[in-house]
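S.K.: sequence? don't have it. structure:
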């Protein structure tokens, strides 16, 4: 496969190397292995179910230690709101108010989502914004039929020359309506960070965003900073980063040849796994990870914060013990009894499957083995009971080496043609709501290089189109999937109240997004 001087310049300009691009193309050719599920992780089989007393203990432990630790809240926030309004965009394209009623359109298309949207329209957080704009754009609005008014409401909400809500990132859309103001998801993240992701009355939040939105995020923070700091008595340090060009992956044709447009190679963003590079730039003691759209109105935030503190307290306590063990092992200040104790800690607290041959190892190799297993980043992940269709979530996975580990798996990684694998997927009881607390430093307080703990074979290959032609795209291992495959993992059951994503605009009508 030949690359021109122009190709090489293009590759190097992105911060990539020719070797890396060639290795990506080899992945397309060889294909990527599917995950080998051994069993679903369930309560008492990889997922802890904590008692009320244990919950209170970990909350107290976190509160007692939070001011001795640097804390970061890391929020993936690059998604645009376009998908939130998919139903409404389809409505604008397909509906003609002069030819049929909206009820007829809904019935003809079996569009229950549009029906819910229109029934709850006055409860939407941006209802007044839109109605105020309607008076400006359509002075005759009040004299129109009810159906035309609803049609123009949607048009005003989404048209590029009007409010253009589909352009905005989710984080900057009006999400919650209070008596005196409307709050964005960005603002809600600040309020809740003050409750659990702050130390010494300061809170650091990092948002990964698209570069084109940087100015409007800055404007939003300037608008709300003094208000939020006064109400929470917390000083906020906000930072932003963008998905790095060097994490883009080359696109190929269906025949695995480099895909080109006008003679130039085509590169594509490689999914949220690329954000590992952004996360790797930070060295806070505790890192909370949570998606931008998973927020609640203020009255639920204290309850939600209690579960975040519970997870963080568990992380700190387990991490403290792990650090003590690593120090003792490195100093060779350890008895045979303590060797067994540490192995049991790995099994019972960190879900590590210790080798069946462990007892036969020489003492020197036992010590090395335990250090290698203990001295890793740790993540504590909330898991919610699966009340809908089974999908991705927590599983015990058998690796090529024969080692079995606890992983977060997406359903797309599973061979559904294999009955055994399909049955395991079907027996899944929990899913991962992107609710993670991470320890990314070692026993000496030095940050781990997170790139060393990625399973590169858990990348995804997807089919896309560009300029009307099919192409194959490569996505890096997901941030909380294969990118953390070699971390030590603790999964804990948390209630559904912790999971409140806004995938469609009608999700904003749910109780956790309404003040009444």
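M.R.: Noted; the coordinates are in hand. Computed from a predicted structure; not experimentally measured.

S.K.: Which strands border the helix or strand of the chain with the lowest mean pLDDT, and is each parallel or antiparallel?
M.R.: Every helix and strand of the chain was ranked by mean pLDDT, DSSP states H and E. The lowest is strand 460-466, at a mean of 88. Using DSSP bridges, the strands paired with strand 460-466 are strand 469-475 (antiparallel).

S.K.: Other residues contacting the strand it pairs with?
M.R.: 24, 27-28, 249-254, 256, 259, 266, 268, 270-271, 273, 459-465 (C-beta atoms under 8 Å, 6 or more residues apart in numbering). From N, CA and C alone the C-beta is placed, and that goes for glycine too.

S.K.: change it to 6 Å
M.R.: 24, 28, 249, 251-252, 254, 259, 268, 270-271, 459-462, 464 (C-beta atoms under 6 Å, 6 or more residues apart in numbering).

S.K.: In those, find the pair that's most separated.
M.R.: 254 and 271 (20.2 Å; C-beta to C-beta).

S.K.: quick check: mean pLDDT across the top helix by length along the chain?
M.R.: For the chain, the longest helix by residue count, based on DSSP state H, is helix 301-330. For helix 301-330, the mean pLDDT works out to 98.

S.K.: so who does residue 478 touch?
M.R.: Contacts of residue 478 (C-beta under 6 Å, 6+ apart): 272, 273.

S.K.: So it: helix, strand or coil?
M.R.: coil (DSSP: H, G, I helix; E, B strand; the rest coil).

S.K.: And the pLDDT for it?
M.R.: pLDDT at residue 478 comes out at 91.

S.K.: So it versus residue 241, what's the distance?
M.R.: Distance of residue 478 to residue 241, computed by C-beta to C-beta, to the nearest Å: 18 Å.

S.K.: Surely residue 66 and residue 199 touch.
M.R.: Yes. If you go by C-beta atoms under 6 Å, residue 66 and residue 199 touch, sitting 4.9 Å apart.

S.K.: neighbour-wise, which of these two wins?
M.R.: With neighbours defined as other C-beta atoms under 10 Å, residue 66 and residue 199 compare such that residue 66 has more, 21 against 17.

S.K.: Look up how far residue 286 lies from the more buried one.
M.R.: 8 Å.

S.K.: can you check residue 516 too?
M.R.: Residue 516 is 35 Å from residue 286, by C-beta to C-beta.

S.K.: Please identify which of those two sits among more neighbours.
M.R.: Between residue 516 and residue 286, counting by other C-beta under 10 Å, residue 286 is the more crowded of the two (25 against 7).

S.K.: If we ignore the residues flanking it in sequence, what's nearest the more buried one?
M.R.: Excluding the flanking residues, the one nearest residue 286 by C-beta to C-beta, 6 or more residues apart in numbering is residue 71, at 4.8 Å.

S.K.: so who does that neighbour touch?
M.R.: 197, 199, 284, 286.

S.K.: so which strand or helix has residue 89?
M.R.: helix 86-94 (DSSP states H and E).

S.K.: who's in contact with whichever helix or strand comes after that helix?
M.R.: Note on helix 86-94: by DSSP H and E, the next helix or strand toward the C-terminus is helix 102-109. Residues outside helix 102-109 that contact it (C-beta under 6 Å, 6+ apart): 95, 114, 115, 147.

S.K.: Let's see that with 7 Å instead.
M.R.: 95, 114, 115, 118, 147, 150 (C-beta atoms under 7 Å, 6 or more residues apart in numbering).

S.K.: Need those residues in JSON lines (columns: distance to residue 210).
M.R.: Compiled in JSON lines, the contacts of helix 102-109 are given as follows (distance: C-beta to C-beta, whole Å):
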{"residue": "95", "distance to residue 210": "30"}
{"residue": "114", "distance to residue 210": "28"}
{"residue": "115", "distance to residue 210": "32"}
{"residue": "118", "distance to residue 210": "30"}
{"residue": "147", "distance to residue 210": "36"}
{"residue": "150", "distance to residue 210": "31"}
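
S.K.: Take the residues you listed and lay them out in TSV including secondary structure.
M.R.: Formatted as TSV, the contacts of helix 102-109 follow (three-state DSSP):
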residue	secondary structure
95	coil
114	helix
115	helix
118	helix
147	helix
150	helix
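
S.K.: Which among those residues count as buried?
M.R.: The neighbour count (16 or more other C-beta atoms under 10 Å) marks 95, 114, 115, 118, 147, 150 as buried among the contacts of helix 102-109.

S.K.: No more questions from me, cheers.
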